[in-house]
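Need coordinates for the following:
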Amino acid sequence: MSDDDTRPAAEADGKVGRGAAVVVGGGLAGITAALSLADAGLRVTLLEGRPRLGGLAFSFKRGELTVDNGQHVYLRCCTAYRWFLDRVDGAALAPLQERLDVPVLDADRNRLGRLRRTALPVPLHLAASLATYPHLSLAERANVGRAALALKGLDPADPRLDGQDFGSWLAEHGQSARAVEALWDLVGVATLNAVAGDSSLGLAAMVFKTGLLSQPGAADIGWAHVPLGDIHDTLARKALDSAGVRTELRTRVTSISRTENGGWQVEVPGETLEAETVVLAVPQHETHDLLPDGALDEPDRLLDIDTAPILNIHVVYDRKVLKRPFFAAIGSPVQWVFDRTDASGLTEGQYVALSQSAAQDEIDAPVAALRERYLPELERLLPAAHGAEVRDFFVTRERTATFAPTPGVGRLRPGARTKAPGLYLAGAWTATGWPATMESAVRSGISAAGAALSALDRPRDHLFDVEEAA
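Numbers count the residues shown, from 1 in each chain. Here you go, the predicted model:
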């Protein structure tokens with residue numbers, strides 16, 4: 001990079017801020033916004049306070065292991081995140097299943113069931129799996145089918161659904177507590193980060209309609225077979241560099257304000273950047289603190305968007321204890337278990353990671369207490385773990401992993417545009433219509449860039465069309 005290229009975009013232009021954009025936040029939303037703006041010819045500076053990119057989907061070193069902070073998956077219907085993988089040349093590193101196949105182990109009954117699809121059209125693609133699903137009675141399976149058809153008829157965008165909770169709707173449609181545990185929450189807790197009773201019906205309807213009731217392959221699962229940092233940090237940084245984005249890590253924004261010429265002034269320690277366009281792609285509370293007066297009608301609504309934690313438990317055994325890439329559990333505090341051996345670089349034994357969503361009751365529990373609870377559960381679920389030596393046991397905690405999908409949250413989520421010209425919002429918590437997922441984050445970055453380019457009368461043909469993909 002030349003000296004001119006490393007100067008603030010405002011200086012390099014000769015006109016203060018003209019044609020320059022600053023993106024605040026280097027998570028998936030910010031990376032996406034920066035790439036999309038740079039691809040349209042803007043000079044983009046991306047500012048991230050952490051020493052890495054990737055936001056809350058990252059990796060770190062623990063001895064010789066490379067560890068993801070948490071297990072992240074996506075579905076075939078996550079078209080924007082799939083676009084992101086292609087854009088950073090990472091699709092081959094996070095492949096999708098050929099067809100949905102989820103092993104579900106009932107710990108109490110020591111019985112394995114499977115949720116899998118066929119190539120038949122919706123809703124027949126799941127009919128065979130549901131008909132033989134051993135964790136529900138025949139009557140419960142029939143009731144699930146009727147509820148699924150009723151769910152298919154809902155409009156997730158209907159604001160009336162946002163104010164209702166999914167649990168009550170399920171009860172009204174004949175779903176037993178067992179059906180909620182063995183099916184609805186099995187999927188819903190992992191995607192919404194809340195149990196049905198704590199989830200907005202609108203968001204739940206969106207998840208189940210899009211994932212299970214839209215296309216036969218919509219719910220096929222994909223996940224990174226390498227550390228997340230290889231994709232969200234290393235490959236993302238390479239893509240940003242190739243697009244001409246100036247990326248500054250360990251750079252925290254202290255304030256954003258209007259300039260006399262109608263542009264924006266972004267303050268960081270030791271430097272002031274001026275830009276025509278600013279995208280705030282940081283969590284809602286940080287966004288609230290940085291927003292200039294008048295940017296939103298009711299900025300304090302951002303503070304009402306609550307957060308929800310995710311707990312991840314990591315266990316390294318001296319031998320192989322899990323034969324499958326992953327499984328889900330019912331009748332146990334364990335939710336989902338993934339084999340992370342190859343991705344972590346472990347060469348002896350096996351490394352499994354437990355992903356525990358909606359973990360409010362355990363997010364601050366001592367490691368010793370979690371070890372005492374979960375190691376016996378793994379032995380109950382995995383007979384091969386009996387007698388295996390535990391070489392390492394550690395915990396990662398994301399206390400604000402997602403926004404809480406509570407009833408009424410939809411009216412609190414702002415769109416990409418603000419009332420301040422040239423200032424835009426991005427983040428999984430904004431009004432994407434999706435719960436707090438990697439897909440929502442990428443969609444928000446595309447929406448923010450699209451709004452900015454529209455205001456600047458710049459071409460948008462290169463943008464991924466989130467509306468068409470929906």
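
secondary structure element for residue 34?
Element membership for residue 34, per DSSP states H and E: helix 28-39.

Can you spell out which helices and strands pack onto that helix?
Using 3 or more C-beta pairs under 8 Å, 6 or more residues apart in numbering; DSSP states H and E, the elements in contact with helix 28-39 are strand 20-24, strand 43-47, helix 79-87, helix 236-242, strand 277-280, helix 438-455. C-betas here are computed from N, CA, C, even on glycine.

Tell me the secondary structure at residue 401.
strand (DSSP: H, G, I helix; E, B strand; the rest coil).

residues contacting it?
Each residue near residue 401 by C-beta atoms under 8 Å, 6 or more residues apart in numbering is listed here: 56, 70, 193, 307-310, 436.

In the residues you listed, find the pair that's most separated.
For those, the farthest-apart pair by C-beta to C-beta is 70 and 307; their separation is 14.5 Å.

In terms of neighbours, single out the busier of these two.
Neighbour count, other C-beta atoms under 10 Å: between residue 70 and residue 307, residue 70 has more, with 21 against 17.

Please tell me how far the more buried one sits from residue 234.
18 Å (C-beta to C-beta, to the nearest Å).

got it, and residue 355?
Residue 355 is 23 Å from residue 234, by C-beta to C-beta.

ok, those two, which is more surrounded?
Between residue 355 and residue 234, counting by other C-beta under 10 Å, residue 355 is the more crowded of the two (23 against 18).

Using the three-state scheme, assign the more buried one.
What three-state DSSP gives for residue 355 is strand.

Just confirm it contacts residue 309, I think it does.
No - Residue 355 lies out of contact with residue 309 (C-beta atoms under 8 Å); the separation is 12.0 Å.

Straight-line length of stretch 241-256, end to end?
Stretch 241-256 has its terminal residues 25 Å apart, counting by C-alpha to C-alpha, to the nearest Å.

could you give me the average pLDDT of that stretch?
Summarised as a single mean, pLDDT over stretch 241-256 is 98.

Name the residues of it that come out as buried.
Residues of stretch 241-256 classed as buried: 245-248, 251, 253, 256 (neighbour count, 16 or more other C-beta atoms under 10 Å).

Likewise for stretch 67-77?
67-77.

And for stretch 263-277?
In terms of neighbour count (16+ other C-beta under 10 Å), stretch 263-277 has its buried residues at 263-266, 268, 273-277.

Where strands are concerned, which of those residues count?
Secondary structure from DSSP state E places 264-266, 268, 273-275, 277 of those in strands.

Of all pairs in these, which one is the farthest apart?
Taking C-beta to C-beta, the two most distant members of those are 268 and 277; they sit 16.7 Å apart.

before we move on, the earlier item: okay, the ones in strands among the buried residues of stretch 263-277 in CSV with distance to residue 102 next?
As requested, those are exported to CSV (distance: C-beta to C-beta, whole Å):
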residue, distance to residue 102
264, 46
265, 50
266, 45
268, 45
273, 47
274, 51
275, 46
277, 42
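
Include pLDDT when you put these into CSV, please.
Conversion of these to CSV gives the following (pLDDT from 0 to 100):
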residue, pLDDT
264, 98
265, 97
266, 98
268, 97
273, 97
274, 96
275, 98
277, 98
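
Let me know the closest of those residues to residue 39.
Residue 39 lies nearest to residue 277 out of those, by C-beta to C-beta, at 14.1 Å.

can you pull the contacts of the nearest residue to that closest one once chain neighbours are set aside?
Distance criterion C-beta to C-beta, 6 or more residues apart in numbering; nearest residue to residue 277, sequence neighbours excluded, is residue 21 at 4.0 Å. When contacts are counted by C-beta under 8 Å, 6+ apart, residue 21 is found next to 9, 34, 37, 42-45, 275-279, 452.

ditto for residue 217
Residue 217 neighbours (C-beta under 8 Å, 6+ apart): 76, 99-100, 117.

7 Å - rerun?
Neighbour list for residue 217: residue 76 [criterion: C-beta atoms under 7 Å, 6 or more residues apart in numbering].

Doesn't it belong to a strand?
No - Residue 217 is assigned coil when assessed by three-state DSSP, not a strand.

Would you report the backbone torsion angles of residue 434?
The phi/psi pair for residue 434 (degrees, to the nearest 10) reads phi -110, psi 160.

quick one: contacts for it?
206, 440, 443.

Can you report how many residues neighbour the first one?
Translated: residue 206. 24.

Look at it and report its pLDDT.
Reported pLDDT for residue 206: 97.

so who does residue 310 touch?
Here residue 310 is in contact with 70, 193, 355-357, 359, 398, 401 (criterion: C-beta under 7 Å, 6+ apart).

low-scoring stretches of the protein, by residue?
1-16, 467-470 (pLDDT under 70).

same thing but 50
1-16, 469-470 (pLDDT under 50).

Look up how far residue 314 lies from residue 62.
Residue 62 is 8 Å from residue 314, by C-beta to C-beta.

Overlap of the contact sets of the two?
residue 394.

Now render the buried residues of stretch 241-256 as TSV, adding secondary structure and distance to residue 347.
Supplementary listing: those in TSV, determined by DSSP: H, G, I helix; E, B strand; the rest coil; distance: C-beta to C-beta, whole Å:
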residue	secondary structure	distance to residue 347
245	coil	36
246	strand	39
247	strand	33
248	strand	36
251	coil	37
253	coil	42
256	strand	48
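
Please convert those residues to a markdown table, extending it with distance to residue 302.
Listed next are these as a markdown table, based on distance: C-beta to C-beta, whole Å:
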| residue | distance to residue 302 |
| --- | --- |
| 245 | 27 |
| 246 | 28 |
| 247 | 26 |
| 248 | 25 |
| 251 | 23 |
| 253 | 16 |
| 256 | 15 |
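
Show the contacting residues for residue 248.
Residue 248 neighbours (C-beta under 7 Å, 6+ apart): 45-47.
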